[in-house]
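Engineer: From the sequence below, what's the structure:
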Amino acid sequence: MKKTLTLAATLLAATVISGAASAKTFVYCSEGSPEGFDPSLYTAGTTFDAAAHTVYNRLLEFKPGTTETVPGLAESWEISDDGLEYTFKLRSGVKFQTTDFFTPSRDLNADDVIFSFERQLKSDNPWHQYVAGAAWEYFNGMGFPELIESIEKVDDMTVRFKLKQQEAPFLANLAMPFASIMSKEYTDKLAADGKMNMLNQQPLGTGPFEFVAYQTDAVIRYRAHDDYWGGKQKIDDLVFAITPDASVRYQKLKAGECHLMPFPNAADVEDMKKDQNLKVVEQEGLNVAYLAYNTTQAPFDKVEVRKALNMAINKQAIVDAVFQGAATPAKNPIPPTMWSYNDAVQDDAYDPEAAKKMLEEAGVKDLSMKVWAMPVARPYMLNARRAAELIQADFAKIGVNVEIVTYEWAEYLDRSKAKDRDGAVMLGWTGDNGDPDNFLHTLLGCDAVGGNNRAQWCNEEFNDLVVKAKTTTDQAERTKLYEEAQVVFKREAPWATIDHSLSVVPMRKEVEGFHQSPLGDFAFEGVDLAE
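Structural biologist: Just a heads-up that it's a prediction; the model follows:
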C-alpha cells in the first residue's frame, strides 16, 4: 500500500510541481474502497464515484452541478400520451473503451441497453446472479420489476420501455448509477471464457475514463478514454488514492500529494479556507443521517420504544461535536431543501426523563442493544464513531446499555441489510436524482425491505402514499401525498433522524472545472489543472 501511494505522489510531483511532464495526472484522495466496479449491484456513493462516474454512462445524465436531466447515451426520447411508453433514440458513433483486457469491435447499440436492464429485471437471465447474492438493490428497491412490462429493440439504435403504470421520476431514475450501460459484447466474451465475475473487477463502458488497475484498499488508476463521445478529457491520468482518515487526506492535500478530497474534518475547514494554496466550495447537502431500528425485532417492534429512544438523543450535541455547527438537526427523512418537505411536522423533543418513563410504561427494563457506527466518513456523517459515542452516553441516561459495533465498509453495508440484524444501524443518504421518491420509497418503502430499507419497516399506510405519489404526474398532488407520508413516518418512528449537513469540498487552487454535485457525486469529467 505504501509503495503504491508513494507512486501516486511521485506521479503528481512529476506532473504538477516540475511542470515538465506532458501528461496531466489528477489525484483524488478518496475516503474509502469501492465494493466492486459494477454500479448496478450497489448503493454506496464511494462505489459510484469509482465506477459509475468514471467508466460508465447512462441514457440520461445529470447536468453537472444540478439535478437537471440532459441527454446522455440517448440523444432524444418520446413519451406516449398515456405515459406508459418511453422510446429512446441512441446516440450514434459511441465508442466503448479499448483496454488491456478487451478490444471492442462495434459501437454502442440497442443490445447493450437491453442487456444492462434485463440482467437486473429477469431472474432467468444468466447474469442475474453472476455475483453470489446479487440483490440489485436500487432496481428492486425502487420497484422496477413491478414497473417494467418489457424492454424492446425497435431497431439497432432505438429502445422502447413499456411500463405497467405511470412513473413520475422515471427519466430521473434512468440517470442514476444503477442504470449504467454495459457492453454486451464484452459480457458475452466474459461468459464464453468462464470469467463472468471479472465484470465486477475489470469494468468497461463508454465513460470519460477507462479502468487500468486496482490495488485493493490502496489505489485505483484510470486513463482518459481517447474516443469518448463527449470529447477526450483534459487530464490524461486519474488516480484514486484511497485514504480513509480525514486528517491524512488533509495532510496530503496540503503537501500537494492529491488535488481534491472529500469529507474534511469540520474542525479543519477554517484553516483550509485560509490556505492560499487551497480553495473550498460548499453548499447545502441534499442528505440525511439516521439511526435505523430493526422494527421486526423486539423490543424495537414497539413504536413506544422507538419514540422513547428518539427522545433520548441530543441531536444538537451531535451537530455541534461532529460538524462544528455545519449541519442542522433532522426531523424528517428528506432534507429541507427538497420540494414536498413538511415543515409542519413536530420533532420529538429531547427529553430524557420522559423517554425513561415511556420505556418503563412499555415494559422495557435493562435494555442492552447494539448501535452500528460506519467506518468511513460520509457527507451526512463525518465521524460516525463520535456520534455513536454521544448516543451511547444519551441512552445510558435512560438506563439503556449500548455496545458500539462496526465492520469494514463493504461488509458493514452488506451485514446491515439482514432482516434479523440486531440493534440500530447508523447510515444516511444523499439524494440521487432530486426527487422525494428517492428518499421515501427507496429507503422506507416495502419494496426496499432487506435492501435499502435498513429499518425493515413495511407500513401499509406509508407505502400506499409513496407508491401513489410516484405514479402521479401532478406535482401538487405528489407534494400533498409526500407531506402525509412524512407525518406517518414521524408517528411510527422507524428511524431516529439525526442531521442534514453542509457539503464541503476542499481542493488545490489549480483545480479547474470541478462541479460540486447536489447529489454528492465526485465526478471528474471536464476537470483540468491550471498550468
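Engineer: Need the contact partners of stretch 476-492.
Structural biologist: 168, 303, 306, 331-334, 339-342, 344-348, 436, 440, 444, 457, 459, 461-462, 465-466, 468-470, 472, 495 (C-beta atoms under 8 Å, 6 or more residues apart in numbering). Yep, even glycine has a C-beta here, placed from its N, CA and C like the rest.
Engineer: shaky segments in the stretch 1-150 of the chain?
Structural biologist: The model of the stretch 1-150 of the chain has pLDDT under 70 over residues 1-21.
Engineer: At which residues are the helices of it located?
Structural biologist: Listed in chain order, the helices of the stretch 1-150 of the chain (DSSP state H, counting those that start in this stretch) span 2-12, 45-50, 110-121, 137-141, 144-147.
Engineer: Which strands or helices does the shortest one pack on?
Structural biologist: What that stands for is helix 144-147. Applying 3 or more C-beta pairs under 8 Å, 6 or more residues apart in numbering; DSSP states H and E, we find helix 144-147 packed against helix 110-121.
Engineer: now with 10 Å?
Structural biologist: helix 110-121, helix 137-141, strand 158-163, helix 170-173 (3 or more C-beta pairs under 10 Å, 6 or more residues apart in numbering; DSSP states H and E).
Engineer: what's the most buried one of the ones you listed?
Structural biologist: helix 137-141 (a mean of 22; mean count of other C-beta atoms under 10 Å).
Engineer: From the contacts of stretch 476-492, list the buried ones, please.
Structural biologist: The neighbour count (16 or more other C-beta atoms under 10 Å) marks 168, 306, 331-334, 340-342, 348, 436, 440, 444, 457, 459, 462, 465-466, 469-470, 472, 495 as buried among those.
Engineer: Select from the residues you listed every entry located in strands.
Structural biologist: Under the assignment DSSP state E, these contribute residue 495 to strands.
Engineer: so where's this protein shaky on pLDDT?
Structural biologist: 1-21.
Engineer: quick one, domains of it?
Structural biologist: Per the record, the chain has its domains at 25-267+509-529, 287-503, by the TED database.
Engineer: Ok, which of those comes nearest residue 273?
Structural biologist: domain 25-267+509-529 (10.6 Å; C-beta to C-beta).
Engineer: What's the end-to-end length of that closest one?
Structural biologist: End-to-end span of domain 25-267+509-529 (C-alpha to C-alpha, to the nearest Å): 9 Å.
Engineer: Stretch 462-481 too?
Structural biologist: Start-to-end, stretch 462-481 (C-alpha to C-alpha) is 10 Å.
Engineer: Repeat that for stretch 415-431.
Structural biologist: 22 Å.
Engineer: For it, buried residues please.
Structural biologist: 416-417, 421, 423-431.
Engineer: what's the farthest-apart pair in these?
Structural biologist: 423 and 431, at 26.4 Å, using C-beta to C-beta across these.
Engineer: Buried ones in the host helix or strand of residue 476, by neighbour count?
Structural biologist: Under the criterion of DSSP states H and E, residue 476 resides in helix 475-492. Residues of helix 475-492 classed as buried: 478-490, 492 (neighbour count, 16+ other C-beta under 10 Å).
Engineer: Can you name the residues that contact residue 190?
Structural biologist: Each residue near residue 190 by C-beta atoms under 10 Å, 6 or more residues apart in numbering is listed here: 101-102, 127, 130, 183, 196-199, 202, 204.
Engineer: now it: how far from residue 136?
Structural biologist: Between residue 190 and residue 136 the computed distance is 18 Å (C-beta to C-beta, to the nearest Å).
Engineer: hey, where'd the strands end up in the stretch 251-400 of the chain?
Structural biologist: All strands of the stretch 251-400 of the chain, identified by DSSP state E, counting those that start in this stretch, fall at 278-284, 287-293, 327-329, 368-372.
Engineer: strands paired with the second one, and their directions?
Structural biologist: Spelled out, it's strand 287-293. strand 424-430 (antiparallel), strand 495-508 (antiparallel) (DSSP bridges).
Engineer: Which of the helices of the stretch 1-150 of the chain sits closest to residue 26?
Structural biologist: Short answer: helix 2-12, nearest of the helices of the stretch 1-150 of the chain by C-beta to C-beta, at 8.4 Å.
Engineer: can you put the domains of the chain in JSON lines and add distance to residue 281?
Structural biologist: Output for those, formatted as JSON lines (distance: least, C-beta to C-beta, whole Å):
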{"stretch": "domain 25-267+509-529", "distance to residue 281": "5"}
{"stretch": "domain 287-503", "distance to residue 281": "9"}
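Engineer: I'm done for today, thanks for sticking with me.
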